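Student: let's see this in three dimensions:
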Amino acid sequence: MPTNATHATVLVIDDDPTITLLIKNALGQEGYEVIIASDGQSGLRQMYHNHPNLVLLDINMPTMDGWVVCQRIREVSDVPIIMLTARSEPSEIVKGLDMGADDYVLKPFQLSVLLARIRANLRRASAETIQFKNSTEYSDDHLTLDMEDRRIIVSGEPVRLTPTEFNLLAYLVDASPRIVSYRELLENIWGFEYIDDIDYLRVYIWHLRRKLEVDPKRPIYIINEMGVGYRFEKQA
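Tutor: Now for the predicted structure:
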């Protein structure tokens, strides 16, 4: 999947013609091919017919909202999905991640920020598989990890992680017991465009804890060293 803007196709699914025109013009100037869909159903048709390299997806749309569209896309494709949302509550963002979104951009947004996020997601989609330096197998009574085989078991049940969640967990497990700084995680998992966005990292850590921890409010695996970073704690 190419990441060069002159070859990448972006599908924009949004019912606001002002926003879609703004995005189409900005992306066109950067060399992207842009496809516009004004509702969820036509967006899915464009997705199936044109196989874009990335999808920009609004949440609030009539008939079929962005949550459903995201879920439908994930049933057939791993294409990067960036949710466009005016909802800044962590629970709303986590819902998007649960549905399979890779990223989110809050409305109103700066075009420079949106373009940076598009470049970063395309780059991640075409990046090579993470190379581990240390042992990435771990097991206790609650959690079993085999990062080489991408196998996550929680309380005896397999758990699906998004590619970003997996890379975040893999990086922490590979570095254990070292504390990994916020900046290092943001730069290595998301890219240099994200290095100052600690709140963004916190949302993903919260979401990962919900999937892995016995009690997400009292984490024992993914530990926050306040003001420094995170580490993966292996249980004795």
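Student: contacts, neighbours, all on C-alpha from now
Tutor: Noted.
Student: which helix or strand contains residue 152?
Tutor: strand 151-154 (DSSP states H and E).
Student: can you list contacts of the helix or strand following that strand?
Tutor: With elements assigned by DSSP H and E, the helix or strand that comes after strand 151-154 is strand 157-158. The contact list for strand 157-158 (CA atoms under 8 Å, 6 or more residues apart in numbering) reads 151, 152.
Student: what pairs with strand 157-158, and is each one parallel or antiparallel?
Tutor: The pairing partners recorded for strand 157-158 under DSSP bridges are strand 151-154 (antiparallel).
Student: list of residues touching the strand it pairs with?
Tutor: Residues outside strand 151-154 that contact it (CA under 8 Å, 6+ apart): 142, 143, 144, 145, 146, 158, 159, 160, 212.
Student: 7 Å - rerun?
Tutor: Applying CA atoms under 7 Å, 6 or more residues apart in numbering, the external contacts of strand 151-154 come out as 142, 143, 144, 145, 146, 158, 159, 212.
Student: check stretch 221-235 too.
Tutor: Contacts of stretch 221-235 (CA under 7 Å, 6+ apart): 172, 173, 176, 177, 178, 179, 180, 181, 182, 213, 220.
Student: show me this protein divided up by domain.
Tutor: 9-125, 137-232 (automatic domain parsing).
Student: which positions in stretch 136-153 come out as buried?
Tutor: 136, 143, 144, 145, 147, 152, 153 (16 or more other CA atoms under 10 Å).
Student: nearest to residue 46, of those residues?
Tutor: For the buried residues of stretch 136-153, the closest approach to residue 46 (CA to CA) belongs to residue 152, at 33.5 Å.
Student: for residue 204, see how far away residue 89 is.
Tutor: According to CA to CA, to the nearest Å, residue 89 and residue 204 sit 13 Å apart.
Student: these two: which is more packed in?
Tutor: A direct count of neighbours by other CA atoms under 10 Å for residue 89 and residue 204 places residue 204 higher, at 19 against 8.
Student: tell me the pLDDT at the residue most central in space within the chain?
Tutor: For the chain, the residue lying nearest the average C-alpha position, counting by CA atoms, centre = their mean, turns out to be residue 102 (2.4 Å). With respect to pLDDT, residue 102 scores 87.
Student: change the start of the numbering to 26 and stick with it
Tutor: Will do, 26 is the new start, and the previous item becomes residue 127.
Student: which residue is the nearest non-sequential neighbour of it?
Tutor: Residue nearest to residue 127 in three dimensions, not counting chain neighbours: residue 106, with 5.4 Å by CA to CA, 6 or more residues apart in numbering.
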